[in-house]
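Peer 1: Pasted the sequence and its predicted model underneath.
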Amino acid sequence: MAKFDGVIDRRDMGSAGIIDGRHPAVVKVMPFKADNGKIEAGEIVALNADGRADFYDAQDEGTLSVPVGVSIFTVDTAKDSLGSVLVHGTVIRSALKNGGAKAETAAVKALETNTQIWAF
């Protein structure tokens, strides 16, 4: 059974300044890899071989080397199996993360090249 933080009446978008309003955002709820720690808001994510969102890894020889979006809320994979991922739109460059750290230029370029997400 899927688990999702079903908070009712969340008025603050809570995206921690991830989404830049220059272009309409398209957000998709995706399954996340279980027991994978906390994936913070702003983390560039890729899909693992099982089709679950995980940390983007440029060094991976499989599917994790292709980013698919940006997590807009922190997902605690110990208790949540689903999370919200921006798959189209604009983001604030300084808010992007890769592996929990500030995203390097190469990771941002990979995000822009492989998705319809642009960083400003």
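Peer 2: Thanks, I have the structure now. Numbers count the residues shown, from 1 in each chain.
Peer 1: Name all residues that make contact with residue 102.
Peer 2: Shown in contact with residue 102 (Cβ atoms under 8 Å, 6 or more residues apart in numbering): 94, 96. For the C-beta atoms, the positions are set from N, CA and C on the backbone; glycine is no exception.
Peer 1: Repeat the analysis, applying 10 Å as the threshold.
Peer 2: With contacts defined as Cβ atoms under 10 Å, 6 or more residues apart in numbering, residue 102 is in contact with 42, 93, 94, 95, 96.
Peer 1: Farthest-apart pair in these, please.
Peer 2: Largest separation among these by Cβ to Cβ: 42 and 93, giving 10.1 Å.
Peer 1: the more surrounded of the two?
Peer 2: residue 42 (26 against 15; other Cβ atoms under 10 Å).
Peer 1: what's the burial count for residue 65?
Peer 2: Residue 65 has 14 nearby residues by other Cβ under 10 Å.
Peer 1: wait, doesn't it sit right on residue 54?
Peer 2: No - checked against Cβ atoms under 10 Å, the pair residue 65 and residue 54 is beyond contact range at 11.3 Å.
Peer 1: Now residue 93: phi and psi?
Peer 2: Dihedral pair for residue 93: phi -50, psi -40, per degrees, to the nearest 10.
Peer 1: Which residues are in contact with it?
Peer 2: By Cβ under 10 Å, 6+ apart, residue 93 lies in contact with 20, 102, 103, 105, 108, 111, 118, 119, 120.
Peer 1: Buried among these? Need that as a selection in ChimeraX.
Peer 2: A single ChimeraX command selects the buried members of the contacts of residue 93 (16 or more other Cβ atoms under 10 Å):
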select :20,103,108,111,118,119
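Peer 1: From the contacts of residue 93, which one has the minimum pLDDT?
Peer 2: Minimum pLDDT for those is recorded at residue 20 (91).
Peer 1: Test of understanding: give the bridge partners of the nearest residue to that residue once chain neighbours are set aside.
Peer 2: Once flanking residues are discounted, residue 20 sits nearest to residue 90: 4.0 Å by Cβ to Cβ, 6 or more residues apart in numbering. Per DSSP bridges, the residues bridged to residue 90 are residue 20, residue 118.
Peer 1: Residue 90 - how many residues pack around it?
Peer 2: Residues lying near residue 90 (other Cβ under 10 Å) number 18.
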